[in-house]
Every structure is written in structure tokens, then in C-alpha cells.
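Chemist: Using only what follows, build the 3D model:
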Amino acid sequence: KEPRQTGGGTWRGAESHGVGTGRSDRSEDRERERARLARKWGKVKVIKGFGLDPEGPFPVVFSDSKDPWEPCDSMKILTPAVVAALAVFGMAACDDDPFQVNWEADADTATLFALSRPELNLPAAFDFFARLPVRIESPTTGSNWDLALDSQGGELVWLPPRALGVSSEAGVAVLDGQTFLDARMAPGDTARYAKDQAVPIRTGEIYVVRTRLIPGAFGTLCTYYGKIEALEIEPVPGRMTFQFDVSPVCNDRDLIPPN
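Modeler: Have a look, this model is predicted:
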């Protein structure tokens, strides 16, 4: 439970949270609370920021103050399950959003080959979550990919999994009038994403991929968004090199980092 602040910086529920209403009794309250939590969990770790005790996932109290028990609006006692989830995202303090994922732009390039080519076992699809090319013919591939490359009517096209009869929520949309660097937000309208039809690939156009559903860190199913730009298109023999970047944040349409 979160302590509730009253006027003057004091706290109701101070006895249950081990937070004294004055600095003089804070040491006694701290030891009392440590003892209470230790009886329940076996051990408690009090730190600035938050994280996992290297000896095991024990409750953690966090604050951005030099004194870990200095009241702040987001001060909480974290149970092991919450700590384990939040630890994925690094440190947090009173004024931070503990659920914000700080990531950096990391554009990369890849090359795919059209499915229509006669050679077998060429990478014709891409897993944008893993950032890896995929050989669709591989018996271990299954539905673990988001877009495939093919040649239709003399031009290269993106094929979402459903266009090949594979059950998936992956799709691709076109961002008109934007450059790769300018593309900052994926479309929110799911109708804009082609899921079961070919999308022509042209140089100068920016595409947004909406990945298949992937289990996330909190036990939920996540979709991830990324942006794509074709750099070299060769309808004959059926090859394309493209640049891409993908946000690692679950169900977040931002295509650029928060900072």
C-alpha cells in the first residue's frame, strides 16, 4: 500500500509503513519496519532507487532521498513480484515513471530475397521483434515472423503472414509524406494496416510494421511497432535491402525514444 500524505509532509499510516512523522523517531520506525518485513519475507533491502537483492528477490523500499525513508509521492514497499517486473526497466526515483522504458534509436539494415525466387532456404521474411531475417521454409519458423518479401506483377511487395495463410496479427502501413527520421508515431487506426494483402514497396516511402502478438514482461501480449525504408530494390532477381528500427516498448506506437 502507498502511504498517504497529509499537510505538512506527514504521513497517515506511518506505523504500518515504518515512516515516522518526525525525523527524531525515524530510526526507530525504520528498524521496526525492517523487522516486520523480515518476519514476513525473511529479508528486506532498503536502497535508493530499486532493484533486486543479489541474494534473492526480497521486498525493496525506494526513494530518491539521501535518507531512504524520506517521504516522497511515489515511495512504496515493493513485493518481489513487482520488483522483478520493474527491475527490467532500470532505476527510478520519486519524479520518474518507473514503467517508462528508456531506449535509444538503433537503425539497422537487412537484405531479403523474394519468395518467388527458385532457390530454396533464402531469407524471405523478417522477424522485427528479434531483428532477424527468417527462412520461411525452415520447419522451426512457424509464425515467428512479421513480413515477407515477394515479387508480383514485376514489383516487390510486402506480404503479411495472413496473405500466406498464416494466422497472425502482424501488418504493415504506409506513412505518406514522411522521411525515415521524421517518422515519429505509428498509426493508431488498425484499419490502416494491411494484414492479408500485398503492399507494393517503393523507394522514398516509409512503412510501419505492427508485429505479431508476443508475450511481454508483465504476462500480457504485446505488439511492437517499427519503421522501414527500402534502400535498394531489385525486382529482378528479387532482392531488397532496407533500413529499419523497432521500439522495444510493449504496445507503444512511438517510433522514436522518449528522450
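Chemist: tell me the average confidence for the top strand by length along the chain?
Modeler: For the chain, the strand with the greatest residue count under DSSP state E is strand 225-234. The pLDDT scores in strand 225-234 average 98.
Chemist: Tell me which other helices or strands the very next helix or strand once past it touches.
Modeler: Downstream of strand 225-234, the next assigned helix or strand under DSSP states H and E is strand 239-246. Judged by 3 or more Cβ pairs under 8 Å, 6 or more residues apart in numbering; DSSP states H and E, the packing partners of strand 239-246 are strand 108-113, strand 225-234. C-betas here are computed from N, CA, C, even on glycine.
Chemist: any chance you could map the helices in the chain?
Modeler: With DSSP state H as the criterion, the chain has helices at 14-17, 26-41, 80-86.
Chemist: returning to what we had before: so for the longest strand of the chain, what gets flagged as buried?
Modeler: Neighbour counts using 16 or more other Cβ atoms under 10 Å place 225, 226, 227, 228, 229, 230 of strand 225-234 among the buried residues.
Chemist: And for stretch 116-123?
Modeler: Those would be 122, 123, for stretch 116-123 by 16+ other Cβ under 10 Å.
Chemist: Can you give me the end-to-end span of it?
Modeler: Stretch 116-123 has an end-to-end distance of 12 Å (Cα to Cα, to the nearest Å).
Chemist: so who does residue 164 touch?
Modeler: Residue 164 is in contact with 136, 148, counting by Cβ atoms under 8 Å, 6 or more residues apart in numbering.
Chemist: any idea how far it lies from residue 256?
Modeler: Distance of residue 164 to residue 256, computed by Cβ to Cβ, to the nearest Å: 31 Å.
Chemist: Run through this structure and note the low-pLDDT ranges.
Modeler: Along the chain, the parts satisfying pLDDT under 70 run over 1-99.
Chemist: Leaving out sequence neighbours, find the closest residue to residue 183.
Modeler: residue 227 (4.6 Å; Cβ to Cβ, 6 or more residues apart in numbering).
Chemist: which residues touch the one you found?
Modeler: So residue 227 contacts 175, 180, 183, 186, 206, 207, 208, 209, 244, 245, 255 (Cβ under 8 Å, 6+ apart).
Chemist: so how far is residue 220 from the residue lying closest to the second one once chain neighbours are set aside?
Modeler: Nearest residue to residue 180, sequence neighbours excluded (Cβ to Cβ, 6+ apart): residue 229, at 4.5 Å. According to Cβ to Cβ, residue 229 and residue 220 sit 30 Å apart.
Chemist: what does residue 132 give?
Modeler: 23 Å.
Chemist: Neighbour count: the two, which is higher?
Modeler: residue 132 (13 against 10; other Cβ atoms under 10 Å).
Chemist: Contacts only, for that one.
Modeler: Here residue 132 is in contact with residue 126 (criterion: Cβ under 8 Å, 6+ apart).
Chemist: Which residue, other than its chain neighbours, is closest to residue 242?
Modeler: That would be residue 230: by Cβ to Cβ, 6+ apart, it lies 4.9 Å from residue 242.
Chemist: contacting residues for that neighbour?
Modeler: Counting by Cβ under 8 Å, 6+ apart, residue 230 touches 156, 201, 202, 203, 205, 240, 241, 242.
Chemist: Verify the stated contact: the last one with residue 229.
Modeler: So the one you mean is residue 242. Yes. Taking contacts as Cβ atoms under 8 Å, residue 242 lies within contact range of residue 229: 6.2 Å.
Chemist: got the CA coordinates for stretch 167-184 in PDB?
Modeler: Extracted in PDB, the C-alpha atoms of stretch 167-184 (Å, rounded to 0.1, in the frame of the first residue of the first chain):
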ATOM      1  CA  SER A 167      -2.600 -16.800 -38.500                       C
ATOM      2  CA  SER A 168      -1.100 -13.600 -37.200                       C
ATOM      3  CA  GLU A 169      -1.900 -10.000 -36.100                       C
ATOM      4  CA  ALA A 170       1.100  -8.600 -37.900                       C
ATOM      5  CA  GLY A 171       0.500  -5.900 -40.600                       C
ATOM      6  CA  VAL A 172       2.100  -3.100 -42.500                       C
ATOM      7  CA  ALA A 173       1.000   0.500 -43.100                       C
ATOM      8  CA  VAL A 174       2.300   3.300 -45.300                       C
ATOM      9  CA  LEU A 175       3.300   6.700 -43.900                       C
ATOM     10  CA  ASP A 176       2.800   9.200 -46.600                       C
ATOM     11  CA  GLY A 177       5.000  12.300 -47.000                       C
ATOM     12  CA  GLN A 178       7.500  11.400 -44.200                       C
ATOM     13  CA  THR A 179      11.100  10.500 -44.100                       C
ATOM     14  CA  PHE A 180      12.700   7.800 -42.000                       C
ATOM     15  CA  LEU A 181      13.900  10.300 -39.500                       C
ATOM     16  CA  ASP A 182      10.700  12.300 -39.400                       C
ATOM     17  CA  ALA A 183       8.500   9.200 -38.700                       C
ATOM     18  CA  ARG A 184       7.700   9.500 -35.000                       C
END
